[in-house]
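K.L.:
Sequence first, then the predicted structure:
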Number of protein chains: 2
Amino acid sequence: MKFKYQRRKVSVGLEGEIYMSNLPGYHLAVMGATGAVGQQILKTLENRDFPIKKLTLLSSARSAGTEIEFKGQKITVQEAVPEAFEGVDIALFSAGGSISEKFAPEAVKRGAIVVDNTSAFRMDPEVPLVVPEVNEEAILKHNGIIANPNCSTIQMVAALEPIRQEYGLKKVIVSTYQAVSGAGAAAINEMKDQATAILNEQEFSPEILPVGGADKHYQIAFNVIPQIDQFAANGYTLEEMKMINETKKIMEMPELKVAATCVRLPVETGHSESVYIELDRNDVKVTDIQQILSVAPGLTVQDEPENQLYPMPAMAAGKEDVFIGRIRKDLDEDTGFHMWIVSDNLIKGAALNTIQIAESLIKLKVVTEK
Amino acid sequence: MKFKYQRRKVSVGLEGEIYMSNLPGYHLAVMGATGAVGQQILKTLENRDFPIKKLTLLSSARSAGTEIEFKGQKITVQEAVPEAFEGVDIALFSAGGSISEKFAPEAVKRGAIVVDNTSAFRMDPEVPLVVPEVNEEAILKHNGIIANPNCSTIQMVAALEPIRQEYGLKKVIVSTYQAVSGAGAAAINEMKDQATAILNEQEFSPEILPVGGADKHYQIAFNVIPQIDQFAANGYTLEEMKMINETKKIMEMPELKVAATCVRLPVETGHSESVYIELDRNDVKVTDIQQILSVAPGLTVQDEPENQLYPMPAMAAGKEDVFIGRIRKDLDEDTGFHMWIVSDNLIKGAALNTIQIAESLIKLKVVTEK
């Protein structure tokens, strides 16, 4: 389906935007509406009944023209142009870093607050990087853009923050087990097509993972790839550096020791993380940590080894919470603990956290209803 | 095929044993010949041209009667009985812990040296636990039984020992990414059947993983299970405790700090490990470690981030070496390094190491040719 772009007066609405309600609410724009995360953003907006007065769906030229149903109304996705952000209160960006770099300033210029789910602005000292359960107040320092952290970072800091508040935190070593949906819908299809080919003893040719545009592509079905994103000069991948730097920024602990190894697996949705931490205190028990996490918002403790209860991606997929289990004391370090953290990388890792930031913008009165 | 057991005089040979050669050599018995590891043992014995004079293939009653071809000769697998070990020089056991507990003493009583690839005797202080590249000389302290370590332990200590020798070792934290073949042929079939069912949107019912005989079984295809073996009372799994205790025993370092998180993945063969280590020295460079590992026997360094070269199970499967890559210095600890270790869990992790122990028995003249 090819979309024929036709400019109209804003007052009667561009194609791609629709009035949802006459009640007070916000004019929301979703950039990247047709992508895996964009689709999840729309689903989560519906589920949480976000107060939308007007909804504008935007995408690249390639996907423009797609019809998307939202709360029973069909909306035709519009090709992103700067003028599309006129009158927008909150713009949720999830269409890749270069799109954010190009259009986020245009949206801000027109008075929108951008919640950006790409890595474009995350480490910009002028841009708050926010997981509402951890550092909601950082939103108030915004200059028009608020960054949503990397999926693998969000679930980890959400789980670690209640522990840090109570017992302090000195060190984090994480090894990740990341799902292919983090690399987009094409990576999901690649995994399934490869699995089908292998099960039927047919040939296949890897084309997407580990990174679109990389020199080499590798089998992901029934395999493990220890590369997510490109390599930095220090031998770490950009994904690993994101986890390291974003964790320090969100927790406002530049001195925190963080190490990460990021690994892609043949799982469709749901990132898992094997996390080792060292606390400030040496008198903490496993039950203390279980107790603290079990009452924290957005977290679910699944930790009953005797009943084989622990988090797994197949069970966490489709759910909003971050799940924590396998909590156990290190056998050598009296401040050390191990745990296993799982969450849906498209929900809390992307769409939900983005929308929670938008909800915080409302709660903290950064935006006001029309 | 049902095997009808018929007792004969040993002198004319039991069914299930065959004279391979008139040249000098050893009478070898393989217990568990029909299992995934047993099959790999036979393949590796062929590949390495192990000096076999006589070969006895044994199994449980259930698998007895199976015909197996070895070096062009068909051998009918015999049900294990104590008398089958008469005259055996070396018995390679890989048929589960309870079989080893029952028959290994019988074999030893009859003069055989047992190389046992189960967890039955590994932590027995009277039983050497051997990875020949690490502690070959420990074999000399044997009392009839030598234990082959757990698959996930073998590849890790093989990679760490050359580093320890040069720079000392204080601490190891490992998170594993383990293949289903470690749980046997039935687990491989379960994974493939589940993957086929999921791709075709059909129902399925998990029956084997994480542990045969456990109360609950979980989906492994397109999922991750943070449980291998049963849980110990301290919240660690037995697999994790094996890695911790066996590493200390093999490296003869009871003071070594070791922590492990063991995780099962939908990979057929090839265990991967994300390993963090701390050395005794703080002046070691990545290139030093690459250099040391590249000249160590049985190891292959695959570590060129700029060329996207790193180990992966799909590439390590079927190979004898332990592959190491992603070697990088910790960004906070000046004695700390991270690395990614991959090996075929059925080869170096089981069959090959078992046969290397048998080769060491010959080399160290613990057994002599007939």
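P.N.:
Now that the structure is in, tell me what you want to look at.

K.L.:
So which residues on the stretch 251-370 of chain A come close to chain B?
P.N.:
The stretch 251-370 of chain A comes close to chain B at residues A:257-259, A:261, A:263, A:265-268, A:270, A:272, A:274, A:276, A:286, A:305-308, A:310-314, A:325-333, A:336, A:338, A:340, as judged by CB under 8 Å from any CB of the partner chain. Quick note: C-beta positions are derived from backbone N, CA and C, even for glycine.

K.L.:
Selection in PyMOL covering whichever of those residues are buried, please.
P.N.:
In PyMOL, a selection of the buried entries from those looks like this (16 or more other CB atoms under 10 Å in any protein chain shown):
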select buried, chain A and resi 257+258+259+261+263+265+266+267+268+270+272+274+276+286+305+308+310+311+312+313+314+325+326+327+328+329+330+331+332+333+336+338+340
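
K.L.:
Find the nearest non-adjacent residue to A:Glu203, please.
P.N.:
A:Ala197 (6.8 Å; CB to CB, 6 or more residues apart in numbering or on different chains).

K.L.:
what number of residues lie near the one you found?
P.N.:
Using other CB atoms under 10 Å in any protein chain shown, the number of residues around A:Ala197 comes to 15.

K.L.:
surely it meets A:Met191?
P.N.:
No: A:Ala197 is beyond contact range of A:Met191, at 10.8 Å (criterion: CB atoms under 8 Å).

K.L.:
Quick check: neighbours shared by these two?
P.N.:
Shared contacts of A:Ala197 and A:Met191, defined by CB atoms under 8 Å, 6 or more residues apart in numbering or on different chains, comprise A:Ala221.

K.L.:
Considering only the stretch 1-150 of chain A, name the residue that lies closest to chain B.
P.N.:
Minimum separation of the stretch 1-150 of chain A from chain B (CB to the nearest CB) falls at A:Met123, amounting to 15.2 Å.

K.L.:
backbone phi and psi for the residue in the stretch 51-200 of chain A positioned nearest to chain B, please?
P.N.:
Across the stretch 51-200 of chain A, no residue is closer to chain B than A:Ser175, which sits at 3.8 Å (CB to the nearest CB). For A:Ser175, the backbone dihedrals are phi -120, psi 130 (criterion: degrees, to the nearest 10).

K.L.:
Quick one, grab the pLDDT at it.
P.N.:
On the pLDDT scale, A:Ser175 is placed at 99.

K.L.:
show me the contacts for it.
P.N.:
Neighbouring residues of A:Ser175 by CB under 8 Å, 6+ apart: A:Ala260, A:Thr261, A:Val263, A:Glu273, A:Ser274, B:Ser175, B:Thr261, B:Ser274.

K.L.:
now swap in A:Glu252 and tell me
P.N.:
Contacts of A:Glu252 by CB under 8 Å, 6+ apart are A:Asn135, A:Ala138.

K.L.:
helix/strand/coil for it?
P.N.:
Three-state call for A:Glu252 (DSSP: H, G, I helix; E, B strand; the rest coil): coil.

K.L.:
Quickly note the distance from it to A:Ile75.
P.N.:
39 Å (CB to CB, to the nearest Å).

K.L.:
Could you do A:Met339 as well?
P.N.:
Remark: distance between A:Met339 and A:Ile75 (CB to CB) = 42 Å.

K.L.:
between these two, who's got more neighbours?
P.N.:
Neighbours were counted for A:Met339 and for A:Ile75 using other CB under 10 Å; A:Met339 has more, 27 against 22.

K.L.:
In a strand, the more buried one, correct?
P.N.:
Yes: the assignment for A:Met339 (three-state DSSP) places it in a strand.

K.L.:
State the pLDDT value of it.
P.N.:
98.

K.L.:
does it have beta-bridge partners, and which?
P.N.:
On the basis of DSSP bridges, A:Met339 is bridged to A:Val275.

K.L.:
give me every residue that touches it.
P.N.:
Counted by CB under 8 Å, 6+ apart, A:Met339 has contacts A:Ala159, A:Val275, A:Ile277, A:Ile289, A:Ile324, A:Gly325, A:Arg326, A:Ile327, A:Arg328.

K.L.:
Could you check the pLDDT of the closest residue to the last one other than its chain neighbours?
P.N.:
Going back to what we said before, that points to A:Arg328. Distances taken as CB to CB, 6+ apart place B:Gly235 nearest to A:Arg328, at 3.8 Å, with adjacent residues excluded. pLDDT recorded at B:Gly235 is 97.

K.L.:
which residues touch B:Gly235?
P.N.:
A:Val286, A:Pro305, A:Arg326, A:Ile327, A:Arg328, A:Lys329.

K.L.:
What about the residues you listed, which are in helices?
P.N.:
Judged by DSSP state H, the contacts of B:Gly235 include A:Val286 as members of helices.

K.L.:
Format the contacts of B:Gly235 as TSV; extra columns: pLDDT.
P.N.:
Listed next are the contacts of B:Gly235 as TSV, based on pLDDT from 0 to 100:
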residue	pLDDT
A:Val286	98
A:Pro305	97
A:Arg326	98
A:Ile327	98
A:Arg328	98
A:Lys329	98
